[in-house]
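Asks: After the sequence you'll find the predicted model.
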Amino acid sequence: MSEANPKTLRVFVEGRVQGVGYREFVRRAALRHGLSGWVRNRSNGAVETRVSGAPEAIDALVEAMRRGPLSATVTGLEVLDDREPPERAGFVIAPTF
């Protein structure tokens, strides 16, 4: 796969990931890797991300998400293939779901 054939994933992260700058950390990392999509808090305390782009860049983002910012504690990370159309350009923090 290449950027002409982007991959799209949905990533769910559990742990101490709300109120610690985790969404902004993900947004900055995604933009640094040239990825598109969004990140949002979930009402159950998790963080959800939908991301599209080059597979290598997505892999790098997922690895960064496993660590998170210094103030976060990631205890679980689930990665799912997403068959919906790729996200458009840009990466945003979306409202809580």
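Replies: Done, it's in. Residues are numbered from 1 along each chain as shown.

Asks: how distant is the helix or strand hosting G15 from the center of its chain?
Replies: Using DSSP states H and E, G15 falls within strand 7-16. With CA atoms, centre = their mean, to the nearest Å as the basis, strand 7-16 stands 6 Å off its chain's centre.

Asks: Pull up the pairing partners for it, direction included.
Replies: strand 47-53 (antiparallel), strand 73-81 (antiparallel) (DSSP bridges).

Asks: What helices and strands are in contact with the very next helix or strand once past it?
Replies: Using DSSP H and E, the next helix or strand after strand 7-16 towards the C-terminus is helix 22-32. Counting contacts by 3 or more CB pairs under 8 Å, 6 or more residues apart in numbering; DSSP states H and E, helix 22-32 packs against strand 36-41, strand 47-53, helix 55-67, strand 91-93. The way it works is simple: take the backbone N, C-alpha and C, and place the C-beta from them, glycine included.

Asks: correct me, but A72 touches R16?
Replies: Yes: with contact defined as CB atoms under 8 Å, A72 reaches R16; the gap is 5.8 Å.

Asks: Show me which of these two is the more surrounded one.
Replies: Taking neighbours as other CB atoms under 10 Å, A72 and R16 compare with A72 leading, 20 against 14.

Asks: spatially speaking, which residue is in the middle of this structure?
Replies: T49 (3.8 Å; CA atoms, centre = their mean).

Asks: who are the neighbours in contact with that residue?
Replies: T49 makes contact with 9-13, 26, 30, 37-40, 65, according to CB atoms under 8 Å, 6 or more residues apart in numbering.

Asks: hang on, the earlier thing: list the buried ones in the strand holding G15?
Replies: Across strand 7-16, burial judged by 16 or more other CB atoms under 10 Å covers 7-9, 11, 13-15.
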